[in-house]
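J.: task: produce atomic coordinates for the following.
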Amino acid sequence: MLCFAEIGSKIIVTGGAYAYVEVAFGKYARFLTTNIFIFGGAIMANAAVANALADTLAYFFPVFKTQAIRVLLFVTMFAGFAYLNIRGVKKGMFLVKFNTIAKLTPLLFIILFGWLSFSPANFSWTSTPSLVDFGEVCLILLFTFVGIETGLNVSGEIKNPQKTIPKGIMLSAFTVVLLYTLIQMTAQGVLGETLPNFKDAPHAEVGRAMIGPLGATLVVIGACFSMFGNLSGFALNMPRIIFAAARDEVIPPKSLANIHARYSTPHVAITSYAALACFFACTGEFRQLAMLASASFLLIYLGVILAVIKYRMTKQDEAGAYKMPGGYLVPSASLIAVVWFLSNLPSNELSAMAIFLALLTMFYLTMNVWRRKHA
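T.: A predicted model of the protein is given here:
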């Protein structure tokens, strides 16, 4: 986040991470970053959250553990998102706002009242996880933190960005870390060593331990609203990013930039995004999809860290821009951390990422040759 704060205060353009990477490394890097974000950071992440939603619903309705029912849920949900967003952005925004109102309710409920059922003995340390287990858990945990930097996507519209961007980035990072830490401490303090027994809906079990079945019901409802709100927000925003990328010929095909004749919405991008997210939700499961999404964000973060290092080496400091302390210490530590995170990917996921990058590279080269021939 310090790297984002520094580069974001120096490159004041709308676009966020892919814009920083493009300024530092050119159009090929932008192409990779954009596609990694769309397919890994958005579609895979959406599919992971959809599976988490189904797992949470299964806490009260075991039928959602059945694959056929889960597929029906995913198809209905993503088709509904596509329909609403094709009809117009106002309908999509209403859905996002409605879910946002209920988003923080279960988390604040647990934090504020969980101490009533809290037991300090539940923090006893009985064993140490292996480095491999620790690395895999970190990859999944990272999934819950990604997106803090998305406010930089509109950097070009931020007032006084040299001061606003660093403050906003660090405040949001601090708030999220504090909130998650309090939630984890409360859950651990209430459930103790039984916490790992409730992997599908741990917070619901915390609510049950606090005030009985009513607590579990409130938490599940709130959690479902939170995840549904996340999904509806992505369904509203991401197709617009795909539309813009296709319009600017960053990604093919150009038909993704088509506009609906009646509703003036990017209907092809909306439909394509919903179909892909639904497909991966139906064919994957939360842990696998969350790890792939985390790995995608890590690749993007890697590009931003390298952009910070290159920008420092090749550009002069701009007046008023934020510069993190410690010289190259923070970027170097961030680089090592990201590489370590990526090294903890299971071999099949690591191979899939490598193949995906190779295919993107081949496609980019082919596309450039085609454009030169038809220029």
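
J.: how far off centre is the longest helix along the chain?
T.: The helix that spans the most residues within the chain, counting by DSSP state H, is helix 213-247. Here the centre of helix 213-247 is set off from its chain's centre by 11 Å, with Cα atoms, centre = their mean, to the nearest Å.

J.: hey, C-alpha coordinates of the very next helix or strand once past it in PDB?
T.: Counting by DSSP states H and E, the element after helix 213-247 in chain order, helix or strand, is helix 267-283. Output in PDB follows, covering the C-alpha atoms of helix 267-283 (Å, rounded to 0.1, in the frame of the first residue of the first chain):
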ATOM      1  CA  HIS A 267     -24.800  -5.300 -23.200                       C
ATOM      2  CA  VAL A 268     -22.100  -7.500 -24.800                       C
ATOM      3  CA  ALA A 269     -19.600  -6.800 -22.000                       C
ATOM      4  CA  ILE A 270     -22.300  -7.300 -19.300                       C
ATOM      5  CA  THR A 271     -23.400 -10.600 -20.700                       C
ATOM      6  CA  SER A 272     -19.900 -11.900 -21.300                       C
ATOM      7  CA  TYR A 273     -18.800 -11.000 -17.800                       C
ATOM      8  CA  ALA A 274     -21.800 -12.600 -16.200                       C
ATOM      9  CA  ALA A 275     -21.400 -15.800 -18.300                       C
ATOM     10  CA  LEU A 276     -17.700 -16.200 -17.400                       C
ATOM     11  CA  ALA A 277     -18.200 -15.500 -13.700                       C
ATOM     12  CA  CYS A 278     -21.100 -18.000 -13.600                       C
ATOM     13  CA  PHE A 279     -19.000 -20.600 -15.400                       C
ATOM     14  CA  PHE A 280     -16.100 -20.400 -13.000                       C
ATOM     15  CA  ALA A 281     -18.500 -20.300 -10.000                       C
ATOM     16  CA  CYS A 282     -20.200 -23.500 -11.200                       C
ATOM     17  CA  THR A 283     -16.900 -25.300 -11.900                       C
END
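
J.: what packs against helix 267-283?
T.: Helix 267-283 sits against helix 45-57, helix 67-87, helix 213-247, with contacts defined as 3 or more Cβ pairs under 8 Å, 6 or more residues apart in numbering; DSSP states H and E. For glycine as for every other residue, the C-beta is placed from the backbone atoms N, C-alpha and C.

J.: packing partners for the longest helix of the chain?
T.: In terms of contacts (3+ Cβ pairs under 8 Å, 6+ apart), helix 213-247 is packed against helix 45-57, helix 67-87, helix 89-101, helix 105-113, helix 202-211, helix 267-283.

J.: any idea which of the helices and strands packed on helix 267-283 is most buried?
T.: Burial of the helices and strands packed on helix 267-283 is given as mean neighbour count (mean count of other Cβ atoms under 10 Å); helix 45-57 ranks first at a mean of 25.

J.: could you give the average pLDDT over that one?
T.: In this model, helix 45-57 carries a mean pLDDT of 92.

J.: what about the chain, any weak spots by pLDDT?
T.: Along the chain, the parts satisfying pLDDT under 70 run over 13-15, 89-103, 150-158, 161, 316-320, 375.

J.: thinking again about what came up before, next, the angle helix 105-113 makes with the longest helix of the chain.
T.: 130 degrees (axes from the mean of the first three to the mean of the last three Cα atoms, to 10 degrees).

J.: next, the angle from helix 213-247 to helix 202-211.
T.: Going by the same axes, to 10 degrees, helix 213-247 makes 150 degrees with helix 202-211.

J.: got the angle between helix 213-247 and helix 267-283?
T.: Using the same axes, to 10 degrees, helix 213-247 lies at 130 degrees relative to helix 267-283.

J.: quick revisit: want to throw the helices and strands packed on helix 267-283 into JSON lines with distance to residue 312?
T.: Converted to JSON lines, those look like this (distance: least, Cβ to Cβ, whole Å):
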{"stretch": "helix 45-57", "distance to residue 312": "30"}
{"stretch": "helix 67-87", "distance to residue 312": "41"}
{"stretch": "helix 213-247", "distance to residue 312": "28"}
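
J.: skip the chain neighbours and tell me the closest residue to residue 247.
T.: The shortest distance from residue 247 to any non-neighbouring residue, by Cβ to Cβ, 6 or more residues apart in numbering, is to residue 257 (4.0 Å).

J.: surely the one you found and residue 272 touch.
T.: No. Counting by Cβ atoms under 8 Å, residue 257 stays clear of residue 272, with 11.3 Å between them.

J.: out of the helices and strands packed on helix 213-247, flag the one nearest residue 120.
T.: Across the helices and strands packed on helix 213-247, residue 120 has its closest neighbour in helix 202-211 (15.5 Å, Cβ to Cβ).
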